[in-house]
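Visitor: Quick one, what's the 3D model for this:
(one chain, ligands or ions: 1)
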Amino acid sequence: MVSIDVWNASVDFPIFDAKTRSLKKAVLGKVGGKIGTEQKVPIIEALHDITLSLKEGDRIGLVGHNGAGKSTLLRLLAGIYEPTRGSSRIVGKIAPVFDLGVGMDPEISGLENIMIRGLFLGMTRKQMEKRVDDIAEFTELGDYLQMPLRTYSTGMRVRLALGVVTSIDPEILLLDEGIGAVDAAFLSKARTRLVDLVKRSGMLVFASHQDDLLFELCNSALWMDEGQVKMQGSLREVLTAYKGRDPYEHLDKETLARLGQAPVLTTKTGEI
Ligand SMILES: Nc1ncnc2c1ncn2[C@@H]1O[C@H](COP(=O)(O)OP(=O)(O)OP(=O)(O)O)[C@@H](O)[C@H]1O
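Guide: Numbering: from 1, shown residues only. This is a model prediction of the structure:
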């Protein structure tokens, strides 16, 4: 059984080369973490006193303004960042998909990159050998798969990366934004693979600004604000509070049809 527990965790970034004087005078911004200037070195408190308990089967959407702490939280959950204060415990193997291009080598072929990226995401060589044909077909890159990655356009790289990412069997899948940046036509092709990927994973935490993708992949949500958890609950409740309107009113017909009938808003006690 996979699980992630975080107790009173904070993550600070000391900024050694910041101009403290001008920082002190700066107008408070609407986005980003809190910048503390009491110390000699300014510190950005990206996460503040986070306590969370995530379990097998959780599919959590992370929402919040730019700089609210979503990516930092994902890195904390992945064990990439240690909490500056507090503690965390991760049980299970993490597949972190923060940047689709990470782990790719521009000098080797697309096919070789499929293998390397798969290994990086926790798959074995044997598992990847079985999946490589399916991934190749999905990418529609044809003979380009024999060419070095540096000859690919950005969109071609994304196709390759998305092909690999959606082929893995993750215990804990941590997804950051990037997958939403694929062109619409290809994303619609990748959608079924993404949904299947999430079904196969033991747990998902997905940071995104795209309501339709969140609804397709997640069943609950966590709203981050200034490095803190502002609200946790069903996806629809949290998005309604965060955006100030029911997100279902703005989903296009196609998405609504794919999602089936709109779930009814429920309160904590479960009634309408
Ligand atoms: N490596 C770093 N060094 C210094 N500050 C950082 C670093 N990473 C993040 N921060 C700061 O931490 C805060 C949270 O950033 P984070 O990237 O987690 O936000 P986010 O919610 O993912 O934002 P976005 O939606 O824009 O991607 C911000 O104020 C940011 O400036």
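
Visitor: Which residue ranges of the stretch 101-250 of the chain form strands?
Guide: 172-176, 203-207, 220-225, 228-234 (DSSP state E, counting those that start in this stretch).

Visitor: which other helices and strands contact the third one?
Guide: The one in question is strand 220-225. strand 59-63, strand 228-234, helix 235-243 (3 or more Cβ pairs under 8 Å, 6 or more residues apart in numbering; DSSP states H and E). In this view, the C-beta of every residue, glycine as well, is placed from N, C-alpha and C.

Visitor: The ligand: which of those is closest?
Guide: Within these, the stretch nearest the ligand is strand 59-63; the backing value is 7.8 Å (Cβ to the nearest ligand atom).

Visitor: for the next helix or strand after the closest one, the distance to its chain's centre please.
Guide: Using DSSP states H and E, the helix or strand that follows strand 59-63 in sequence is helix 70-77. Relative to its chain's centre, helix 70-77 lies at 9 Å (Cα atoms, centre = their mean, to the nearest Å).

Visitor: so what does helix 70-77 touch, helix or strand wise?
Guide: strand 3-14, strand 43-55, strand 59-63, strand 85-91, strand 94-97, strand 172-176, strand 203-207.

Visitor: how many other residues sit next to the closest residue to Ala78 other than its chain neighbours?
Guide: Closest residue to Ala78 apart from its sequence neighbours, by Cβ to Cβ, 6 or more residues apart in numbering: Pro96 at 4.5 Å. Number of residues near Pro96 (other Cβ atoms under 10 Å) recorded here: 21.

Visitor: now the one 5 residues further on
Guide: The burial count assigned to Gly101 is 15, neighbours taken as other Cβ under 10 Å.

Visitor: my guess is it meets Ala161, correct?
Guide: Yes. Gly101 is within contact range of Ala161, at 6.2 Å (criterion: Cβ atoms under 8 Å).

Visitor: could you list every residue that touches the spatially closest residue to Met115 that is not a sequence neighbour?
Guide: Distance criterion Cβ to Cβ, 6+ apart; nearest residue to Met115, sequence neighbours excluded, is Met128 at 5.2 Å. Applying Cβ atoms under 8 Å, 6 or more residues apart in numbering, we find Met128 in contact with 114-115, 118-119.

Visitor: same thing but 7 Å
Guide: Contacts for Met128 (Cβ atoms under 7 Å, 6 or more residues apart in numbering) come out as 115, 118-119.

Visitor: for Arg193, same thing?
Guide: Thr166.

Visitor: what do you get for the one 5 residues further on?
Guide: If you count contacts by Cβ under 7 Å, 6+ apart, Val198 has them with 59, 173, 204, 217.

Visitor: Give the burial count for the last one, as a bare number.
Guide: Counted with other Cβ under 10 Å, the burial measure for Leu217 works out to 24 neighbours.

Visitor: Would you check that it makes contact with Arg59?
Guide: Yes. If you go by Cβ atoms under 7 Å, Leu217 and Arg59 touch, sitting 6.4 Å apart.

Visitor: Name the residues contacting each of those two.
Guide: By Cβ under 7 Å, 6+ apart, the residues touching both Leu217 and Arg59 are 198, 204.

Visitor: Could you report the neighbour count for the residue nearest to Glu140 when sequence neighbours are not counted?
Guide: Using Cβ to Cβ, 6+ apart and skipping the chain neighbours, the partner closest in space to Glu140 is Arg159 (7.0 Å). Neighbour count of Arg159, defined by other Cβ under 10 Å: 24.
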